[in-house]
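**Student:** next come a sequence and a model predicted from it.
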Amino acid sequence: MTISSLLRPAAALLLALPLLMASPAQAQRRKKIPAPAAAANALAAELPDSVALRKLYDEALLRGQSYDNLNYLCNSIGPRLSGSPQAQRAVEWGRLTLEKMGLDRVYLQEVMVPHWVRGQKERGEIISERGKRLEAAVCALGGSVGTKGKLRAGVVEVRSLDELRQLPDAAVRGKFVFFNRPFNDALIEPGQAYGAAGDQRRAGPAEAGRRGAVGALVRSLTSARDNFPHTGSTVYQAGAPPVPAAALSTEAADELSQLLKADAKLSFELEMSCQTLPDEKSYNVVGEIRGAKFPAEIITVGGHLDSWDLAQGAHDDGTGVVQSLEVLRLLKASGLRPARTVRAVLFMNEENGARGAAKYAKLAQQAQETHVAALESDGGGFTPRGFTIEGASPEVQAKVRAWAPLLRPYHVDGLSVGHAGTDIEPLLKAVTPKALFGFDGDSQRYFDLHHTAADTFDKVHRRELELGGGGMAALVYLLSKYGL
């Protein structure tokens, strides 16, 4: 422990001494404030920013509820794919949790969402020319069609969509196209590697179908070497036949690639029963604390309530959901009534359609709402580092960077220009907020778990999670007090 860390509590006490040593006249004036809301407003006005942020963190670290909320969401409700009964249970839980906080307003926003189901556990086998079979770990990509029984064909391996386009039709027709571009592990930020490799999952199967392939096999989007296949959405194109699309674990992908080099005539057998059912009615869940000074100016904080169906969706995005709930709770529990309206949104359908995001932006536009800023947490509940910022002018960026000394003691002073979040991005065109922010945690382990059966509650660290909620509340407090 450093000397500076030992001195922080004493410094906070010194800053608060003027409040503790109020004159009798001052104390009497405070007694005349009749309503709790008025008292909270006065406290927020009097407290120095450093003391206000310390109150938020004390509440988060000593009495935080994010971890317990996540435990219920993961272990009592479980996987929450859009359109599923579990997704509806999560909506009901989210509304009840917000109502228990005693907020100024809690409501639902209806949205129709896709209803894709995985069906029976998928099976994949590599079959040599001589008939020897080797099981391969596979899972269907979200939105894929099924195989209608067992589908067996030869395999052609490519590293990119461009490489596929350069192949003659005869080399592709009637085969599985195997997209095997790995993560670029030279990149420091795994999210950059994910973005660079992601087109083979999103668009690869459609391109394979357009070229006459019978199916697509895609290397999982991770640098981890394990036997967990990673699901995620794929998008078919109009005019191209939809073909079954499956993710291979990185170990299975490496094995298939090595075996193809020795036996170009091997085949792959895939069996999947996934299908898309009619759309289902679902909801965004919304809760608000009305601003004390500028109630018409809105700050949104959110995460997505839905998850993939392979696991509990702990880091993706259960942590973002409970941290967003915690921002409101921390403000109320600390007596820090925000100057501007703070709205928590639990978005539905980020994983396979982002329809909740589109609906939220559309309703905000129709209501002609004024949105100052939005903050999303959708990168896991790992150790906080700061925030990304998107859509902000240099002047706005400079204003936010000026808050760094306040955030630095909590290690959330990092600010980098970059993508803020899928669910808040539509707001840029709909209501033009001054800035979008993304919670930035240590992402080195995130894509080991992302979209896999390993994304479970036990992978989340309580203190890291509560620190993240505290950091988000600190930024929201400053945004509310000073605006942009």
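**Tutor:** Thanks, I have the structure now. Numbering: from 1, shown residues only.

**Student:** all contacts plus neighbour counts: C-alpha atoms, from now on.
**Tutor:** Will do.

**Student:** so where's the stretch 1-150 of the chain uncertain?
**Tutor:** 1-46 (pLDDT under 70).

**Student:** helices of that one, start to end?
**Tutor:** With DSSP state H, counting those that start in this stretch as the criterion, the stretch 1-150 of the chain has helices at 3-20, 24-31, 36-46, 49-63, 66-72, 85-100.

**Student:** then the stretch 151-300 of the chain?
**Tutor:** Counting by DSSP H, counting those that start in this stretch, the stretch 151-300 of the chain has helices at residues 161-166, 169-172, 190-197, 199-202, 204-210, 250-262.

**Student:** got JSON lines for the ones you listed, with mean neighbour count and mean pLDDT too?
**Tutor:** Listed next are the helices of the stretch 151-300 of the chain as JSON lines, based on neighbours: other CA atoms under 10 Å; pLDDT from 0 to 100:
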{"stretch": "helix 161-166", "mean neighbour count": "14", "mean pLDDT": "97"}
{"stretch": "helix 169-172", "mean neighbour count": "15", "mean pLDDT": "96"}
{"stretch": "helix 190-197", "mean neighbour count": "17", "mean pLDDT": "96"}
{"stretch": "helix 199-202", "mean neighbour count": "21", "mean pLDDT": "97"}
{"stretch": "helix 204-210", "mean neighbour count": "26", "mean pLDDT": "97"}
{"stretch": "helix 250-262", "mean neighbour count": "18", "mean pLDDT": "97"}
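
**Student:** who's in contact with the nearest residue to Arg355 once chain neighbours are set aside?
**Tutor:** In space, and not counting its chain neighbours, Arg355 is closest to Asn349: 5.8 Å by CA to CA, 6 or more residues apart in numbering. Residues near Asn349 by CA atoms under 8 Å, 6 or more residues apart in numbering: 81-82, 113-114, 304-306, 355-357.

**Student:** so Asn349 sits in a strand?
**Tutor:** No - under DSSP: H, G, I helix; E, B strand; the rest coil, Asn349 sits outside any strand and is assigned coil.

**Student:** mind pulling up the pLDDT for the spatially closest residue to Arg118 that is not a sequence neighbour?
**Tutor:** Counting by CA to CA, 6+ apart, Cys274 is the residue found nearest to Arg118 once chain neighbours are left out, at 4.2 Å. If you check Cys274, the pLDDT there is 98.

**Student:** you'd agree Cys274 is up against Val145?
**Tutor:** Yes - if you go by CA atoms under 8 Å, Cys274 and Val145 touch, sitting 6.0 Å apart.

**Student:** ok, Ala420 touching Phe437?
**Tutor:** Yes - between Ala420 and Phe437 there is a contact under CA under 8 Å: 5.0 Å.

**Student:** how far away is Gly353 from Arg95?
**Tutor:** Distance, Gly353 to Arg95, using CA to CA, to the nearest Å: 22 Å.

**Student:** which one's more surrounded, those two?
**Tutor:** When Gly353 is set against Arg95 and neighbours are counted by other CA atoms under 10 Å, the residue ahead is Arg95, at 19 against 16.

**Student:** relative to Arg105, how far out is that one?
**Tutor:** Using CA to CA, Arg95 is found at 11 Å from Arg105.

**Student:** before we move on, what about Ser82?
**Tutor:** When Ser82 is compared with Arg105 (using CA to CA), they lie 25 Å apart.

**Student:** can you pull out the helices in the stretch 351-484 of the chain?
**Tutor:** Counting by DSSP H, counting those that start in this stretch, the stretch 351-484 of the chain has helices at residues 355-366, 394-401, 404-407, 427-430, 446-449, 462-482.

**Student:** so which of the ones you listed is nearest Glu59?
**Tutor:** Among these, helix 462-482 comes nearest to Glu59, with 8.3 Å by CA to CA.

**Student:** CA atoms only for stretch 317-325 - export them in CSV, please.
**Tutor:** C-alpha atoms of stretch 317-325 as CSV (Å, rounded to 0.1, in the frame of the first residue of the first chain):
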residue,chain,number,x,y,z
ASP,A,317,-23.8,-8.6,-21.1
GLY,A,318,-25.1,-9.4,-17.6
THR,A,319,-22.4,-7.3,-16.1
GLY,A,320,-23.4,-4.3,-18.2
VAL,A,321,-27.0,-4.7,-17.2
VAL,A,322,-26.3,-4.8,-13.5
GLN,A,323,-23.8,-2.0,-13.6
SER,A,324,-26.4,0.2,-15.4
LEU,A,325,-28.9,-0.6,-12.7
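
**Student:** what helix or strand does Arg343 sit in?
**Tutor:** Following DSSP states H and E, one finds Arg343 within strand 340-347.

**Student:** got the angle between that strand and helix 462-482?
**Tutor:** Counting by axes from the mean of the first three to the mean of the last three CA atoms, to 10 degrees, strand 340-347 lies at 140 degrees to helix 462-482.
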